[in-house]
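1. This is a predicted model, with the sequence first.
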Amino acid sequence: MIVVMQNGASERDIDYIVRRARSLGLSSHVSEQQGQILVGLSGDMRGIEPAALRGLPGVEQVKAMSHPYRLASREFRTERTEIPVRELRIGGDDLVLMGGPCSVESKDQILECAHMVKDAGGQVLRGGAFKPRSSPYSFQGLAEDGLKYLAAAREETGLAIITEVMAIEQVEMVCEYTDILQIGTRNMHNFNLLHAVGRTRTPVMLKRGMMSTLKELLLSAEYILSQGNPYVMLCERGIRTFETYTRNTLDINAVPSLRELTHLPVIVDPSHATGKASLVRSASRAAVAAGCDGLIIEMHPDPSAAWSDGAQSLAPEEFRRTFAESRAVSEALKPLTAAGG
Ligand code: PEP
Ligand code: MN
(Lines give C-alpha, C1' and ligand atoms only; values in the text may rest on other atoms or scores of the structure.)
(Ligands and ions follow the chains in the order given, each with its own letter.)
Protein backbone atom coordinates (compact mmCIF):
# COMPACT_ATOMS: atom_id res chain seq x y z
CA MET A 1 0.00 0.00 0.00
CA ILE A 2 1.25 3.51 -0.74
CA VAL A 3 0.09 6.54 1.20
CA VAL A 4 0.43 9.63 -0.99
CA MET A 5 0.74 12.75 1.19
CA GLN A 6 -0.76 16.11 0.29
CA ASN A 7 1.67 18.77 -0.90
CA GLY A 8 1.36 20.73 2.32
CA ALA A 9 1.63 17.71 4.63
CA SER A 10 3.73 18.42 7.72
CA GLU A 11 6.52 16.33 9.27
CA ARG A 12 4.06 15.56 12.05
CA ASP A 13 1.50 14.18 9.59
CA ILE A 14 4.15 11.94 8.03
CA ASP A 15 5.47 10.83 11.37
CA TYR A 16 1.95 9.98 12.49
CA ILE A 17 1.49 7.64 9.50
CA VAL A 18 4.83 5.97 10.21
CA ARG A 19 3.96 5.47 13.90
CA ARG A 20 0.47 4.27 13.05
CA ALA A 21 1.94 1.74 10.60
CA ARG A 22 4.35 0.50 13.26
CA SER A 23 1.51 0.05 15.75
CA LEU A 24 -0.28 -2.09 13.16
CA GLY A 25 2.84 -4.25 12.74
CA LEU A 26 3.66 -2.81 9.29
CA SER A 27 6.99 -1.51 8.05
CA SER A 28 7.16 1.82 6.24
CA HIS A 29 9.49 3.57 3.83
CA VAL A 30 9.25 7.31 3.22
CA SER A 31 10.38 8.70 -0.13
CA GLU A 32 9.96 11.84 -2.17
CA GLN A 33 8.97 11.98 -5.81
CA GLN A 34 8.77 15.29 -7.64
CA GLY A 35 8.24 17.09 -4.35
CA GLN A 36 5.50 14.71 -3.17
CA ILE A 37 6.00 12.52 -0.11
CA LEU A 38 5.07 8.84 -0.43
CA VAL A 39 4.91 6.39 2.45
CA GLY A 40 5.17 2.79 1.27
CA LEU A 41 3.67 0.29 3.72
CA SER A 42 4.30 -3.43 3.76
CA GLY A 43 3.53 -6.39 5.95
CA ASP A 44 0.32 -8.25 6.67
CA MET A 45 -2.32 -5.98 5.15
CA ARG A 46 -5.31 -8.12 6.15
CA GLY A 47 -7.67 -6.06 8.18
CA ILE A 48 -6.10 -2.73 7.17
CA GLU A 49 -8.78 -0.47 5.75
CA PRO A 50 -7.44 2.03 3.17
CA ALA A 51 -10.40 4.26 4.07
CA ALA A 52 -9.15 4.55 7.65
CA LEU A 53 -5.75 5.84 6.42
CA ARG A 54 -7.36 8.11 3.84
CA GLY A 55 -9.05 10.08 6.59
CA LEU A 56 -5.80 10.92 8.42
CA PRO A 57 -4.40 14.47 8.36
CA GLY A 58 -2.17 15.29 5.39
CA VAL A 59 -3.16 12.21 3.37
CA GLU A 60 -4.14 12.76 -0.25
CA GLN A 61 -4.75 9.19 -1.38
CA VAL A 62 -4.04 5.57 -0.52
CA LYS A 63 -3.11 3.22 -3.34
CA ALA A 64 -2.96 -0.56 -3.30
CA MET A 65 0.25 -2.12 -4.67
CA SER A 66 -0.16 -4.80 -7.27
CA HIS A 67 3.28 -6.35 -6.75
CA PRO A 68 5.08 -7.84 -3.75
CA TYR A 69 8.16 -5.68 -4.46
CA ARG A 70 7.75 -2.09 -3.54
CA LEU A 71 10.82 0.13 -3.89
CA ALA A 72 11.68 -1.41 -7.27
CA SER A 73 8.19 -0.92 -8.69
CA ARG A 74 7.05 1.71 -11.10
CA GLU A 75 4.00 2.31 -8.94
CA PHE A 76 6.28 3.54 -6.20
CA ARG A 77 8.49 5.61 -8.47
CA THR A 78 7.29 6.59 -11.92
CA GLU A 79 10.46 8.47 -12.93
CA ARG A 80 13.20 6.19 -14.25
CA THR A 81 16.27 5.88 -12.04
CA GLU A 82 19.54 7.23 -13.40
CA ILE A 83 22.66 5.90 -11.75
CA PRO A 84 25.66 8.20 -11.58
CA VAL A 85 28.96 6.40 -12.22
CA ARG A 86 31.86 8.84 -12.57
CA GLU A 87 30.66 11.11 -15.43
CA LEU A 88 28.19 8.51 -16.77
CA ARG A 89 24.45 8.31 -16.11
CA ILE A 90 23.31 4.71 -16.44
CA GLY A 91 19.61 4.72 -17.33
CA GLY A 92 19.91 8.15 -18.95
CA ASP A 93 19.48 9.03 -22.61
CA ASP A 94 22.59 7.30 -23.90
CA LEU A 95 23.28 3.60 -24.29
CA VAL A 96 26.08 2.51 -21.94
CA LEU A 97 28.58 0.06 -23.41
CA MET A 98 30.54 -2.18 -21.05
CA GLY A 99 33.12 -4.62 -22.29
CA GLY A 100 36.15 -6.60 -21.26
CA PRO A 101 37.39 -10.10 -20.62
CA CYS A 102 35.52 -12.66 -18.55
CA SER A 103 38.51 -12.87 -16.18
CA VAL A 104 41.37 -10.54 -15.38
CA GLU A 105 44.38 -12.67 -16.34
CA SER A 106 47.31 -10.29 -15.92
CA LYS A 107 48.04 -6.57 -15.77
CA ASP A 108 49.12 -6.49 -19.41
CA GLN A 109 46.02 -8.37 -20.54
CA ILE A 110 43.57 -6.05 -18.77
CA LEU A 111 45.41 -2.93 -19.96
CA GLU A 112 45.29 -4.18 -23.54
CA CYS A 113 41.57 -4.95 -23.21
CA ALA A 114 40.89 -1.55 -21.61
CA HIS A 115 42.41 0.26 -24.59
CA MET A 116 40.33 -1.86 -26.98
CA VAL A 117 37.14 -1.11 -25.03
CA LYS A 118 37.92 2.59 -25.03
CA ASP A 119 38.82 2.67 -28.74
CA ALA A 120 35.60 0.79 -29.56
CA GLY A 121 33.53 3.51 -27.85
CA GLY A 122 32.93 1.77 -24.51
CA GLN A 123 32.52 3.53 -21.17
CA VAL A 124 32.93 0.70 -18.65
CA LEU A 125 35.59 -2.02 -18.38
CA ARG A 126 34.50 -5.41 -17.06
CA GLY A 127 36.73 -8.16 -15.72
CA GLY A 128 36.31 -10.80 -13.04
CA ALA A 129 38.80 -10.99 -10.18
CA PHE A 130 36.63 -13.39 -8.17
CA LYS A 131 35.21 -15.99 -10.55
CA PRO A 132 32.18 -18.20 -9.80
CA ARG A 133 33.31 -21.25 -11.78
CA SER A 134 31.18 -24.37 -12.17
CA SER A 135 34.20 -26.54 -11.33
CA PRO A 136 36.35 -26.00 -8.22
CA TYR A 137 39.37 -27.04 -10.34
CA SER A 138 38.93 -24.19 -12.85
CA PHE A 139 40.76 -20.86 -12.53
CA GLN A 140 39.10 -18.95 -9.66
CA GLY A 141 40.41 -15.45 -10.39
CA LEU A 142 43.37 -13.29 -9.32
CA ALA A 143 41.47 -11.83 -6.31
CA GLU A 144 42.93 -8.55 -4.98
CA ASP A 145 45.72 -8.48 -7.57
CA GLY A 146 43.02 -8.56 -10.26
CA LEU A 147 41.26 -5.62 -8.62
CA LYS A 148 44.54 -3.66 -8.58
CA TYR A 149 45.05 -4.29 -12.29
CA LEU A 150 41.50 -3.12 -13.03
CA ALA A 151 42.12 0.07 -11.05
CA ALA A 152 45.37 0.61 -12.99
CA ALA A 153 43.42 0.23 -16.25
CA ARG A 154 40.90 2.83 -15.07
CA GLU A 155 43.75 5.15 -14.20
CA GLU A 156 45.26 4.77 -17.65
CA THR A 157 42.06 4.99 -19.74
CA GLY A 158 39.47 6.84 -17.65
CA LEU A 159 37.00 3.96 -18.10
CA ALA A 160 34.77 3.10 -15.13
CA ILE A 161 35.11 -0.48 -13.88
CA ILE A 162 32.69 -3.26 -12.96
CA THR A 163 33.67 -6.48 -11.24
CA GLU A 164 31.93 -9.31 -9.41
CA VAL A 165 31.71 -9.69 -5.65
CA MET A 166 30.93 -13.23 -4.52
CA ALA A 167 30.94 -13.11 -0.74
CA ILE A 168 30.10 -10.78 2.13
CA GLU A 169 33.73 -10.78 3.33
CA GLN A 170 34.83 -9.38 -0.08
CA VAL A 171 32.37 -6.47 -0.21
CA GLU A 172 34.53 -3.91 1.59
CA MET A 173 37.65 -4.72 -0.41
CA VAL A 174 35.91 -4.81 -3.80
CA CYS A 175 34.22 -1.46 -3.05
CA GLU A 176 37.65 0.11 -2.50
CA TYR A 177 38.54 -0.55 -6.13
CA THR A 178 35.41 -0.74 -8.25
CA ASP A 179 32.83 1.73 -9.56
CA ILE A 180 30.09 -0.92 -9.96
CA LEU A 181 29.64 -4.17 -8.04
CA GLN A 182 28.40 -7.14 -10.04
CA ILE A 183 26.23 -9.79 -8.38
CA GLY A 184 26.39 -12.91 -10.52
CA THR A 185 23.55 -15.15 -11.60
CA ARG A 186 24.45 -17.78 -8.99
CA ASN A 187 24.21 -15.25 -6.18
CA MET A 188 20.90 -13.62 -7.11
CA HIS A 189 19.31 -15.55 -4.24
CA ASN A 190 22.16 -14.96 -1.77
CA PHE A 191 20.06 -12.68 0.38
CA ASN A 192 22.78 -11.97 2.95
CA LEU A 193 25.13 -10.82 0.19
CA LEU A 194 22.34 -8.66 -1.29
CA HIS A 195 21.82 -7.04 2.11
CA ALA A 196 25.57 -6.44 2.42
CA VAL A 197 25.83 -4.63 -0.93
CA GLY A 198 22.64 -2.77 -0.03
CA ARG A 199 24.46 -1.28 2.95
CA THR A 200 27.06 0.29 0.63
CA ARG A 201 26.39 3.18 -1.74
CA THR A 202 28.33 1.62 -4.61
CA PRO A 203 26.14 1.00 -7.68
CA VAL A 204 25.19 -2.66 -8.13
CA MET A 205 24.47 -4.63 -11.30
CA LEU A 206 22.26 -7.53 -10.27
CA LYS A 207 22.26 -10.41 -12.75
CA ARG A 208 19.12 -12.47 -13.19
CA GLY A 209 19.34 -15.97 -11.75
CA MET A 210 19.55 -18.45 -14.60
CA MET A 211 16.32 -20.07 -13.46
CA SER A 212 14.58 -17.06 -12.00
CA THR A 213 11.44 -15.19 -12.92
CA LEU A 214 11.35 -11.42 -13.32
CA LYS A 215 9.38 -11.22 -10.08
CA GLU A 216 12.15 -13.06 -8.24
CA LEU A 217 14.74 -10.76 -9.82
CA LEU A 218 12.80 -7.71 -8.64
CA LEU A 219 12.42 -9.13 -5.15
CA SER A 220 16.19 -9.63 -5.03
CA ALA A 221 16.65 -6.00 -6.11
CA GLU A 222 14.30 -5.11 -3.26
CA TYR A 223 16.74 -6.71 -0.78
CA ILE A 224 19.41 -4.24 -1.93
CA LEU A 225 17.12 -1.20 -2.15
CA SER A 226 15.58 -1.86 1.26
CA GLN A 227 19.01 -1.41 2.87
CA GLY A 228 19.25 2.13 1.48
CA ASN A 229 21.33 1.68 -1.68
CA PRO A 230 19.19 3.19 -4.47
CA TYR A 231 21.70 2.41 -7.23
CA VAL A 232 20.61 -0.94 -8.62
CA MET A 233 20.62 -1.93 -12.29
CA LEU A 234 19.21 -5.25 -13.48
CA CYS A 235 20.91 -7.54 -15.97
CA GLU A 236 19.23 -10.04 -18.29
CA ARG A 237 21.93 -12.64 -19.02
CA GLY A 238 19.88 -15.49 -20.46
CA ILE A 239 17.89 -18.19 -18.74
CA ARG A 240 17.93 -21.98 -18.99
CA THR A 241 15.42 -23.44 -21.38
CA PHE A 242 15.20 -26.78 -23.23
CA GLU A 243 17.32 -25.35 -26.07
CA THR A 244 20.87 -26.70 -26.12
CA TYR A 245 22.32 -25.00 -29.21
CA THR A 246 22.94 -21.88 -27.16
CA ARG A 247 24.37 -21.78 -23.63
CA ASN A 248 21.23 -19.98 -22.39
CA THR A 249 18.22 -18.33 -24.01
CA LEU A 250 18.23 -14.54 -24.17
CA ASP A 251 14.83 -13.53 -22.80
CA ILE A 252 14.28 -10.49 -24.96
CA ASN A 253 10.82 -10.10 -23.41
CA ALA A 254 12.58 -9.27 -20.17
CA VAL A 255 13.70 -5.89 -21.50
CA PRO A 256 10.33 -4.25 -22.23
CA SER A 257 8.74 -6.19 -19.35
CA LEU A 258 11.23 -4.80 -16.84
CA ARG A 259 10.76 -1.33 -18.27
CA GLU A 260 7.05 -1.67 -17.53
CA LEU A 261 7.52 -3.10 -14.06
CA THR A 262 10.41 -1.09 -12.68
CA HIS A 263 12.17 2.26 -12.82
CA LEU A 264 15.60 0.59 -12.52
CA PRO A 265 17.98 0.57 -15.53
CA VAL A 266 18.14 -2.64 -17.58
CA ILE A 267 21.42 -4.02 -18.94
CA VAL A 268 21.72 -7.01 -21.29
CA ASP A 269 24.59 -9.50 -21.37
CA PRO A 270 24.44 -11.18 -24.80
CA SER A 271 27.68 -13.09 -24.11
CA HIS A 272 26.39 -15.36 -21.34
CA ALA A 273 22.92 -15.35 -22.94
CA THR A 274 24.19 -16.99 -26.14
CA GLY A 275 27.53 -18.59 -25.15
CA LYS A 276 28.66 -18.24 -28.76
CA ALA A 277 30.76 -15.40 -30.17
CA SER A 278 29.04 -15.77 -33.55
CA LEU A 279 25.66 -14.81 -32.06
CA VAL A 280 26.65 -11.92 -29.80
CA ARG A 281 26.45 -9.15 -32.40
CA SER A 282 22.87 -10.01 -33.47
CA ALA A 283 21.73 -10.49 -29.88
CA SER A 284 23.24 -7.10 -28.98
CA ARG A 285 21.36 -5.30 -31.74
CA ALA A 286 18.12 -7.00 -30.69
CA ALA A 287 18.63 -6.03 -27.04
CA VAL A 288 19.23 -2.39 -27.93
CA ALA A 289 16.20 -2.35 -30.23
CA ALA A 290 14.12 -3.80 -27.37
CA GLY A 291 15.07 -0.79 -25.25
CA CYS A 292 17.86 -1.78 -22.87
CA ASP A 293 19.95 0.93 -21.18
CA GLY A 294 23.27 -0.80 -21.71
CA LEU A 295 25.15 -3.89 -22.83
CA ILE A 296 27.91 -5.85 -21.13
CA ILE A 297 29.99 -7.89 -23.56
CA GLU A 298 32.93 -10.23 -23.12
CA MET A 299 35.94 -9.77 -25.38
CA HIS A 300 39.55 -10.94 -25.49
CA PRO A 301 42.62 -10.02 -27.58
CA ASP A 302 42.89 -13.76 -28.39
CA PRO A 303 39.67 -15.62 -27.46
CA SER A 304 41.24 -19.03 -28.10
CA ALA A 305 43.70 -18.33 -25.28
CA ALA A 306 41.15 -16.91 -22.78
CA TRP A 307 41.29 -18.44 -19.29
CA SER A 308 37.46 -18.49 -19.11
CA ASP A 309 34.51 -18.12 -21.49
CA GLY A 310 36.67 -17.98 -24.63
CA ALA A 311 33.89 -19.45 -26.82
CA GLN A 312 31.66 -16.44 -26.22
CA SER A 313 34.40 -13.78 -26.12
CA LEU A 314 34.63 -11.48 -29.13
CA ALA A 315 37.90 -10.96 -30.96
CA PRO A 316 38.92 -7.29 -31.31
CA GLU A 317 37.45 -6.63 -34.77
CA GLU A 318 34.08 -8.28 -34.06
CA PHE A 319 33.98 -6.46 -30.72
CA ARG A 320 34.47 -3.07 -32.37
CA ARG A 321 31.79 -3.87 -34.90
CA THR A 322 29.35 -4.99 -32.21
CA PHE A 323 29.78 -1.81 -30.19
CA ALA A 324 29.51 0.36 -33.32
CA GLU A 325 26.33 -1.33 -34.56
CA SER A 326 24.73 -1.29 -31.10
CA ARG A 327 25.43 2.43 -30.79
CA ALA A 328 24.02 2.99 -34.28
CA VAL A 329 20.78 1.14 -33.43
CA SER A 330 20.42 3.18 -30.27
CA GLU A 331 20.97 6.50 -32.07
CA ALA A 332 18.63 5.53 -34.93
CA LEU A 333 15.83 4.79 -32.49
CA LYS A 334 16.20 7.94 -30.41
CA PRO A 335 14.05 10.29 -32.55
CA LEU A 336 11.38 7.58 -32.90
CA THR A 337 11.15 6.73 -29.21
CA ALA A 338 11.31 10.42 -28.23
CA ALA A 339 8.14 10.84 -30.32
CA GLY A 340 6.42 8.28 -28.08
CA GLY A 341 7.14 5.19 -30.20
C1 PEP B 1 30.42 -13.22 -15.75
O2 PEP B 1 29.93 -12.09 -15.91
O3 PEP B 1 31.56 -13.56 -16.15
C4 PEP B 1 29.57 -14.26 -15.11
C5 PEP B 1 30.10 -15.25 -14.42
O6 PEP B 1 28.26 -14.06 -15.36
P7 PEP B 1 26.97 -14.86 -14.81
O8 PEP B 1 26.95 -14.65 -13.32
O9 PEP B 1 25.83 -14.22 -15.53
O10 PEP B 1 27.15 -16.31 -15.20
MN1 MN C 1 32.08 -14.97 -18.18
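-> All right, it came through fine. Residues are numbered from 1 along each chain as shown. Ligands and ions are numbered 1, 2, ... in the order given.
2. Specify the beta-bridge partners of residue 42.
-> Judged by DSSP bridges, the bridge partners of residue 42 are residue 27.
3. so it touches residue 27, yeah?
-> Yes - under the criterion of CB atoms under 8 Å, residue 42 makes contact with residue 27 at 5.6 Å. All C-beta atoms are positioned from the backbone trio N, CA, C, and that covers glycine.
4. Up against ligand 1, what does the stretch 101-250 of the chain have?
-> Neighbours of ligand 1 within the stretch 101-250 of the chain, by CB under 6 Å from any ligand atom: 102, 128, 132, 184, 185, 186, 207, 237.
5. Repeat the analysis, applying 8 Å as the threshold.
-> 102-103, 126, 128, 131-132, 164, 182, 184-187, 207-208, 210, 235, 237-238 (CB under 8 Å from any ligand atom).
6. Pick out the residue of the stretch 51-200 of the chain closest to ligand 2.
-> residue 102 (3.3 Å; CB to the ion).
7. Skipping adjacent residues, who's closest to that residue in space?
-> Leaving aside its sequence neighbours, residue 102 sits nearest to residue 309 (CB to CB, 6 or more residues apart in numbering; 3.7 Å).
8. list the contacts for the one you found?
-> 102, 103, 271, 272, 298 (CB atoms under 8 Å, 6 or more residues apart in numbering).
9. wait, is residue 31 part of a strand?
-> Yes - using DSSP: H, G, I helix; E, B strand; the rest coil, the assignment for residue 31 is a strand.
10. Could you work out the end-to-end span of stretch 146-165 for me?
-> 12 Å (CA to CA, to the nearest Å).
11. anything in that stretch near ligand 2?
-> No - Stretch 146-165 stays clear of ligand 2 (CB under 5 Å from the ion), getting no nearer than 9.2 Å.
12. What residues of that stretch count as buried?
-> Under the neighbour-count criterion of 16 or more other CB atoms under 10 Å, stretch 146-165 has 146-151, 153-154, 157, 159-165 buried.
13. just the strands in this protein please.
-> 2-5, 27-33, 36-42, 59-63, 83-85, 88-90, 96-100, 124-126, 160-164, 180-183, 204-207, 232-236, 266-268, 294-298 (DSSP state E).
14. Redo those as TSV? Include mean pLDDT.
-> Listed next are the strands of the chain as TSV, based on pLDDT from 0 to 100:
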stretch	mean pLDDT
strand 2-5	92
strand 27-33	85
strand 36-42	88
strand 59-63	92
strand 83-85	98
strand 88-90	98
strand 96-100	99
strand 124-126	98
strand 160-164	98
strand 180-183	98
strand 204-207	99
strand 232-236	99
strand 266-268	99
strand 294-298	99
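15. Redo these as TSV? Include distance to residue 258.
-> Output for those, formatted as TSV (distance: least, CB to CB, whole Å):
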stretch	distance to residue 258
strand 2-5	20
strand 27-33	20
strand 36-42	20
strand 59-63	21
strand 83-85	15
strand 88-90	14
strand 96-100	16
strand 124-126	20
strand 160-164	19
strand 180-183	16
strand 204-207	11
strand 232-236	6
strand 266-268	5
strand 294-298	13
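16. Could you find the closest non-adjacent residue to residue 219?
-> residue 69 (5.2 Å).
17. and what of residue 231?
-> residue 203 is the one closest to residue 231 (CB to CB, 6+ apart), at 3.8 Å.
18. number of nearby residues for residue 70?
-> 22 (other CB atoms under 10 Å).
19. I figured it was touching residue 45, is that so?
-> No - if you go by CB under 8 Å, residue 70 and residue 45 don't touch, sitting 11.9 Å apart.
20. Endpoints of stretch 169-188, how far apart?
-> 17 Å.
21. Now do the buried residues in it.
-> Buried residues in stretch 169-188 (16+ other CB under 10 Å): 170-171, 174, 177-185, 187-188.
22. And for stretch 275-292?
-> Those would be 275, 277, 279-281, 283-288, 290, 292, for stretch 275-292 by 16+ other CB under 10 Å.
23. Is it positioned near ligand 1?
-> No - Stretch 275-292 is not in contact with ligand 1 by CB under 8 Å from any ligand atom; minimum separation 10.2 Å.
24. now what about that stretch, what contacts it?
-> Contacts for stretch 275-292 (CB under 8 Å, 6+ apart): 95, 236, 238, 246-248, 250, 252, 255-256, 259, 266-268, 270-271, 273-274, 295, 297, 303, 311-315, 318, 321-322, 325-326, 329-330, 333, 337.
25. Separate out the buried members of the residues you listed.
-> Buried, going by 16+ other CB under 10 Å: 95, 236, 238, 246-248, 250, 252, 255, 259, 266-268, 270-271, 273-274, 295, 297, 303, 312-314, 318, 322, 326, 329-330, out of these.
26. Lovely, talk soon.
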